[in-house]
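>>> Generate coordinates for the sequence data below:
(one chain, ligands or ions: 1)
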Amino acid sequence: MTTHSITVEHNFETAHRLPHLEGKCQSLHGHSWRAQVTVSAPSLTGRNQLGASSAGTVVEFGRFKKLMREWIDDRLDHGTMLGLRDPLVGPLREDGCKVFVFGAEWEGGDWGGAQWPTVEAVAALLAAQAYGWLSSMWDDPMDTTIAARTEVTRVHVTETAVNAAVWEAR
Ligand SMILES: Nc1nc2c(c(=O)[nH]1)N=C([C@H](O)[C@H](O)COP(=O)(O)OP(=O)(O)OP(=O)(O)O)CN2
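Numbers count the residues shown, from 1 in each chain. Below is the predicted model of the structure:
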């Protein structure tokens, strides 16, 4: 069986802190995050208004990146990622800051523990969201660029040049 995959990337400037870990990560700090999302399909067979067809794409880069960029830029970029139990959530919000709360806005569920904004949890968060981006393309009957049985297979997130996490579908 063959697999076709595409990978797209986006960056975001976002603060976080991990008060449950010992050391410097307890202090609020920022990173230039990079997320690479890989989408795969067993064939390039897609659809058009007449039925099964092929645009020759797993998903069209531009459409998928638009969905990815809008979600990341709206919710994470130039904001702060915190855990639900972090006492900074209230004060930052009261001061008008953008805050994304792990364990609230996104609870993790089957995607793995997500109570704190570790790099691992950010990768799982984006994998879960990427399934939503694919669903919205699939639900659009005019979208002829998404192949059948597309899946999110890998999300690679870096917070620094030397720290990264990977979420991979089994
Ligand atoms: N498994 C994880 N471990 C750590 C995470 C994480 O998300 N997952 N996060 C942190 C901190 O957020 C911190 O930003 C990074 O810590 P650390 O690599 O120790 O710090 P530096 O980037 O300054 O390290 P260098 O010495 O510059 O390489 C901690 N652990």
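
>>> tell me the contacts of residue 133?
Residues near residue 133 by CB atoms under 8 Å, 6 or more residues apart in numbering: 64, 67-68, 71. The way it works is simple: take the backbone N, C-alpha and C, and place the C-beta from them, glycine included.

>>> From those residues, which land in helices?
Among the contacts of residue 133, the ones falling in helices (DSSP state H) are 64, 67-68, 71.

>>> Could you dump those residues into JSON lines with neighbour count, distance to residue 30 and pLDDT added?
Listed next are these as JSON lines, based on neighbours: other CB atoms under 10 Å; distance: CB to CB, whole Å; pLDDT from 0 to 100:
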{"residue": "64", "neighbour count": "23", "distance to residue 30": "27", "pLDDT": "97"}
{"residue": "67", "neighbour count": "18", "distance to residue 30": "25", "pLDDT": "97"}
{"residue": "68", "neighbour count": "19", "distance to residue 30": "21", "pLDDT": "98"}
{"residue": "71", "neighbour count": "17", "distance to residue 30": "20", "pLDDT": "97"}
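
>>> Could you dump these into CSV with distance to the ligand added?
As requested, the ones in helices among the contacts of residue 133 are arranged in CSV below (distance: CB to the nearest ligand atom, whole Å):
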residue, distance to the ligand
64, 26
67, 25
68, 21
71, 20
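
>>> what is the mean pLDDT for the longest helix along the chain?
The longest helix of the chain (DSSP H) is helix 119-139. Averaged over helix 119-139, pLDDT sits at 94.

>>> which element follows it toward the C-terminus?
strand 151-160 (DSSP states H and E).

>>> anything in that next one near the ligand?
Yes. For strand 151-160, a contact with the ligand is found by CB under 6 Å from any ligand atom, at residue 160.

>>> ok, that strand: who's next to it in the sheet?
strand 29-41 (antiparallel), strand 163-168 (antiparallel) (DSSP bridges).

>>> which parts of the longest one are buried?
Same thing as strand 29-41. Within strand 29-41, the residues scored as buried using 16 or more other CB atoms under 10 Å are 31, 33-41.

>>> Quick one: the residues you listed as CSV, columns for pLDDT and distance to the ligand too.
Listed next are the buried residues of strand 29-41 as CSV, based on pLDDT from 0 to 100; distance: CB to the nearest ligand atom, whole Å:
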residue, pLDDT, distance to the ligand
31, 98, 7
33, 98, 11
34, 98, 14
35, 98, 14
36, 98, 17
37, 98, 18
38, 98, 21
39, 97, 24
40, 96, 26
41, 94, 31
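
>>> Sweet, I'm off.
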